[in-house]
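> Got a predicted structure here, sequence first:
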Amino acid sequence: MVLVVGATGLVGMDVCERLRKRGESVRALVRTTSAPEKRARLQEIGAEIAEGDLKSPETLERACDGVTAVVSTASATLSRQEGDSLDSVDRLGQLALVDAAESAGVKRFVYISFRNNPDLQPALRVAKSAVEERLRQSKMDYTILQASYFMEVWLSPALGFDYASQQAAVFGDGSNKLSWVSSGDVAAATVACLHEPRTGRQTIEFGGPEALSPLEVIRAFEAAGWGEFSVQHVPLENLREAYEAAEDPLQKTFAALQLQYAAGDPIDMTAVLELLPLKLTSVSDYAVKLRGN
């Protein structure tokens, strides 16, 4: 039995579906306030529903009972409800989950994290680092996936990449390369790690098949038939000012991610793909998919 925490989210739902297609037993941790259609989807694919919340340690203990592996993709960054914060969910909640899993005798734990820049340590990175260190000290066979920038989030209208209108906001000058990754590939890697012993007790930096600058991304979308983009650059000095001025932990985290985006963050995936031979989604693939071609 695999417990998936964050099961109604972008990656978590995908992990549940992939595991069920493999015929594996899945228990999905779902809050009472989760969207009914997402709960219904989990039930439709045959996942066992366990009601609980990262902010309620007793529900985590029940959810971990009889489980052999835990996957945690949950975060308060994109989905926030009353009482949610980066501290209550991403730090304290995840730490409570690791404690519950270890106490229940869980053997395997896969944790979805994100890239660590020592020069930028906002609240989310501090929370992730605390959980990563707790896993390293645990008795469990863990894998930490430090994922790069999700195409579905950062190359979307919500963050200024409005492909339908051929308009793109670019942080910095747009010349530095990033290893844009598909959320589906992160889900596939998560499932693969559960079944690949060589990923045990490892931290894996995980990105897409090629590193592209934001300007190269725009050219890939244009080549996929989206039309010529107009580009608005957000100057580096503005990003630094926003980071220094931000008082809300979530705002400061996004400001830090924008600064890291501007600086670039390529990942050499050669060794990872030897370990996990996955077919990764390119930015061009993503652009074509969005057009429905």
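Perfect, I can see it now. Residues are numbered from 1 along each chain as shown.
> Leu29 sits in which helix or strand?
Secondary structure from DSSP states H and E places Leu29 in strand 26-30.
> Can I get that strand in PDB, CA atoms only?
What follows is strand 26-30, C-alpha atoms only, in PDB (Å, rounded to 0.1, in the frame of the first residue of the first chain):
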ATOM      1  CA  VAL A  26      -3.100   3.400  -3.200                       C
ATOM      2  CA  ARG A  27      -4.300   5.300  -0.100                       C
ATOM      3  CA  ALA A  28      -4.900   9.000  -0.800                       C
ATOM      4  CA  LEU A  29      -4.800  11.500   2.000                       C
ATOM      5  CA  VAL A  30      -7.700  13.900   1.400                       C
END
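> following that strand, which helix or strand shows up next?
Next element after strand 26-30 (DSSP H and E): helix 36-44.
> Mind listing what's buried along that next one?
Lys38, Arg39, Arg41, Leu42 (16 or more other C-beta atoms under 10 Å). All C-beta spots, glycine's among them, are computed from the backbone N, C-alpha and C.
> and the residues you listed as a markdown table, adding distance to Trp154?
As requested, those are exported to a markdown table (distance: C-beta to C-beta, whole Å):
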| residue | distance to Trp154 |
| --- | --- |
| Lys38 | 23 |
| Arg39 | 28 |
| Arg41 | 25 |
| Leu42 | 27 |
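> could those be laid out in CSV, adding pLDDT and distance to Leu159?
CSV is the format used below for the buried residues of helix 36-44 (pLDDT from 0 to 100; distance: C-beta to C-beta, whole Å):
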residue, pLDDT, distance to Leu159
Lys38, 97, 22
Arg39, 97, 28
Arg41, 98, 25
Leu42, 98, 27
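> Pull the distance from the strand holding Leu29 to the chain's centre.
Distance of strand 26-30 from its chain centroid, counting by C-alpha atoms, centre = their mean, to the nearest Å, is 18 Å.
> One more: stretch 63-72?
19 Å.
> next one: stretch 171-183
With C-alpha atoms, centre = their mean, you get 16 Å for stretch 171-183.
> As PDB, could you dump the C-alpha coordinates of it?
Taking only C-alpha atoms (Å, rounded to 0.1, in the frame of the first residue of the first chain), the coordinates of stretch 171-183 have been written out as PDB:
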ATOM      1  CA  PHE A 171      12.300  37.700 -15.400                       C
ATOM      2  CA  GLY A 172      15.700  39.200 -16.100                       C
ATOM      3  CA  ASP A 173      17.200  39.400 -19.600                       C
ATOM      4  CA  GLY A 174      16.000  36.000 -20.500                       C
ATOM      5  CA  SER A 175      19.400  34.600 -21.600                       C
ATOM      6  CA  ASN A 176      20.200  32.200 -18.800                       C
ATOM      7  CA  LYS A 177      19.100  28.500 -19.100                       C
ATOM      8  CA  LEU A 178      16.700  26.600 -17.000                       C
ATOM      9  CA  SER A 179      15.800  22.900 -17.000                       C
ATOM     10  CA  TRP A 180      12.100  23.300 -17.400                       C
ATOM     11  CA  VAL A 181      10.300  20.100 -16.400                       C
ATOM     12  CA  SER A 182       6.800  18.700 -16.900                       C
ATOM     13  CA  SER A 183       4.800  17.800 -13.800                       C
END
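> Tell me the confidence at Leu78?
Leu78 carries a pLDDT score of 75 in this model.
> Am I right that it is in a strand?
No - counting by DSSP: H, G, I helix; E, B strand; the rest coil, Leu78 is not part of a strand but coil.
> which residues touch Arg91?
Val126, Ala127, Ala130, Val131 (C-beta atoms under 8 Å, 6 or more residues apart in numbering).
> from those, which would you call buried?
Buried among these by 16+ other C-beta under 10 Å: Ala127, Ala130, Val131.
> Next one: Val186 from Glu244, what distance?
From Val186 over to Glu244 the distance is 31 Å, taken as C-beta to C-beta, to the nearest Å.
> oh sorry, the question was meant for Gly225
41 Å.
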